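Undergrad: prediction below, plus the sequence it came from.
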Amino acid sequence: MFSNLPAPVQDPILSLSQASRLDQRDTKVDLGIGVYKNSDGVTPVMQSVLQAQNIVLQQQTTKAYVGMAGDEEFNAAALSLVLPDSAIAQRATSIQTPGASGGLRMLAELIAFSHPNATVWLSNPSYVNHQPVMEAAGLKVKHYRYFDVKTKQVDTAAMLDDLAKVKAKDVVLLHGCCHNPTGADLSPEAWKQVTELAHKQGFLPFIDIAYQGFGDGLEQDAFGVRYMAEHLPELLVTSSCSKNFGLYRERTGSAIIVAKNGTHAANARGKVLQISRTSYTMPPAHGASIVKTILLDNDLKAAWFNELEQMRLRLVSLRHNLCLELEKRTQTNDFDFIKQHKGMFSVLGYTSEQMIRLREEFAVYGVNDGRINIAGLREQDLNYVASAIAKVR
Ligand code: LMR
């Protein structure tokens, strides 16, 4: 059965974590996988999450199945974090999924069922798992221009130019905030322009918002998704509690469908549940119970929001200090973009050879596409990492 299988292809992000774990050098700094680490280099369990978890454990009386769409109170709360408008909620539906990756796959399958010939357009570059997930659902993938390697900013004109050629019923995948891998986000003006194009061309936007709260703030980061939901008849969204609740291993995410009306939304939900039934039947319960407990309690919600803000502000300060140290060492302002980028990641514009040198010569782990996870830095690593990046320049 297995004799003709090829050797497995390594995942470019997850394989780095493994390599970094095995690296014994004292100078090692892992800026690979997108997890937040505090000043001690630890990915903490948030205090609000710990409190909510205690409540869940005290109150839980059964481990019986929850339901195919997961926890409906979680679904309502997760939807309102992204799309709080009650008029939109009436034509929207939210389904709990195993992480946002599970949501991506379920919505990709929904697209493949509804429009098997649809092409999914991804930004160039995009999150490394976007293309494999879309292709695994049988969809064709093409790319639109997005990141200008010279300026390290979004090339909005080129992006709009490419999107103006996208056909009706094709799908355009966008990052709600904190673009992965580049860190370069759309401006509010650009969101409006893409929305206008979606109208004109008739393509369906699909927004992956996995880092809400890590860019400009919880509400500000949702500008694009809320604007599109308000102005377009249909929209697909995946959201994640991995980063903003620090629940990475609990696999807690959502697939959200905004449709023309409640009936269309209910039919789309039914199809997704049929698809998930043949895949994992229903999502795991623990992370969703924690999130729901936080979001349904005003005090816990305020405490969680404060913790999230502290993480975000520390990230902004890490960006400023890394930029400062790099500009000191290179006597240039070539690294200003690090201050302008949002969220966990920045693409340095380095080649894979340079990223390998960072790893081999300095034990600084970033992804071969030039991405570093600023949220993986400790303050005490700043000088060392800045020197390493400056040296392989
Ligand atoms: C990342 O981009 O590092 C994270 O989203 C983790 C993952 O699953 O790839």
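TA: Structure's in. What do you need?

Undergrad: residues in the chain within reach of the ligand, list them.
TA: Contacts of the chain with the ligand, taken as C-beta under 6 Å from any ligand atom, map to 13, 33-34, 127, 129, 180. No exception for glycine: its C-beta is placed from N, CA and C like everyone else's.

Undergrad: residue of the chain with the smallest distance to the ligand?
TA: Closest approach between the chain and the ligand, counting by C-beta to the nearest ligand atom: Gly34, at 3.2 Å.

Undergrad: re earlier: mind putting the residues of the chain next to the ligand into CSV with distance to Ala136, secondary structure and pLDDT?
TA: Listed next are the residues of the chain next to the ligand as CSV, based on distance: C-beta to C-beta, whole Å; DSSP: H, G, I helix; E, B strand; the rest coil; pLDDT from 0 to 100:
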residue, distance to Ala136, secondary structure, pLDDT
Ile13, 17, coil, 93
Ile33, 21, coil, 95
Gly34, 21, coil, 96
Tyr127, 14, coil, 97
Asn129, 10, coil, 96
Asn180, 19, coil, 98
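
Undergrad: which helix is the longest one in the protein?
TA: Ranked by residue count, the top helix of the chain under DSSP state H comes out as helix 298-330.

Undergrad: in the stretch 251-393 of the chain, mark out all the helices, start to finish.
TA: 262-277, 286-295, 298-330, 337-340, 352-362, 382-391 (DSSP state H, counting those that start in this stretch).

Undergrad: got any ranges where the stretch 1-150 of the chain has weak pLDDT?
TA: The stretch 1-150 of the chain contains no residues with pLDDT under 70.

Undergrad: ok, the stretch 251-393 of the chain next?
TA: Along the stretch 251-393 of the chain, no part satisfies pLDDT under 70.

Undergrad: ok, and the closest non-adjacent residue to Cys356?
TA: Wrong residue type there; residue 356 is Ile, not Cys. Nearest-residue entry for Ile356: Asn368, 7.1 Å, with adjacent residues in sequence omitted and distances by C-beta to C-beta, 6 or more residues apart in numbering.

Undergrad: wait, what's in contact with that neighbour?
TA: 12, 352, 355-356 (C-beta atoms under 8 Å, 6 or more residues apart in numbering).

Undergrad: what about the helices in the stretch 101-250 of the chain?
TA: 130-136, 156-163, 188-201, 223-231.

Undergrad: between the host helix or strand of Ser48 and helix 298-330, how big is the angle?
TA: Using DSSP states H and E, Ser48 sits in helix 47-59. Angle of helix 47-59 versus helix 298-330, following axes from the mean of the first three to the mean of the last three C-alpha atoms, to 10 degrees, is 150 degrees.

Undergrad: just want the most central residue of this protein.
TA: Centroid check for the chain by C-alpha atoms, centre = their mean gives Ala210 as the closest residue, at 2.9 Å.

Undergrad: hang on, that one packs against Leu104?
TA: No - between Ala210 and Leu104 there is no contact under C-beta atoms under 8 Å: 9.5 Å.

Undergrad: can you list residues touching both of these two?
TA: Common neighbours of Ala210 and Leu104, counting by C-beta under 8 Å, 6+ apart, are Thr238.

Undergrad: the residue of the chain closest to the ligand contacts Phe345, correct?
TA: Yes - contact status for Gly34 versus Phe345: in contact at 6.6 Å, counting by C-beta under 8 Å.

Undergrad: please identify which of these two sits among more neighbours.
TA: Taking neighbours as other C-beta atoms under 10 Å, Gly34 and Phe345 compare with Phe345 leading, 27 against 24.

Undergrad: show me the contacts for that one.
TA: Contacts of Phe345 (C-beta under 8 Å, 6+ apart): 34, 178-183, 371-374.

Undergrad: picking that back up, now do the shared contacts for Gly34 and Phe345.
TA: What both Gly34 and Phe345 touch, as defined by C-beta under 8 Å, 6+ apart, is the set 180, 373.

Undergrad: quick one: Thr351 from Val392, how far?
TA: The gap separating Thr351 from Val392 is 10 Å, by C-beta to C-beta, to the nearest Å.

Undergrad: pick out whichever of the two has more residues nearby.
TA: Between Thr351 and Val392, Val392 has the larger neighbour count (other C-beta under 10 Å), namely 19 against 13.

Undergrad: tell me how far the more buried one lies from Leu50.
TA: When distance is defined by C-beta to C-beta, Val392 is 40 Å away from Leu50.

Undergrad: a strand runs through Asn4, doesn't it?
TA: No - applying DSSP: H, G, I helix; E, B strand; the rest coil, one finds Asn4 to be coil, outside a strand.

Undergrad: I'd like to know how many residues surround it.
TA: Burial of Asn4 is recorded as 5 neighbouring residues (other C-beta under 10 Å).

Undergrad: can you tell me the distance between the two ends of stretch 63-71?
TA: 13 Å (C-alpha to C-alpha, to the nearest Å).

Undergrad: hmm, who's touching that stretch?
TA: 75, 95-97, 269, 273, 276-277, 281-283, 285, 288-289, 292.

Undergrad: pull out the buried members of the residues you listed.
TA: With burial judged by 16 or more other C-beta atoms under 10 Å, the buried subset of those is 75, 95-97, 269, 273, 276, 282-283, 285, 288-289, 292.

Undergrad: so for Pro233, what's the nearest residue that isn't a sequence neighbour?
TA: What sits nearest to Pro233 in space, not counting adjacent residues and going by C-beta to C-beta, 6+ apart, is Lys260, at 4.7 Å.

Undergrad: please name the residues that touch Arg269.
TA: 69, 93, 95, 257.

Undergrad: one more time with 10 Å
TA: By C-beta atoms under 10 Å, 6 or more residues apart in numbering, the residues touching Arg269 are 68-69, 75, 92-95, 110, 255, 257, 259.
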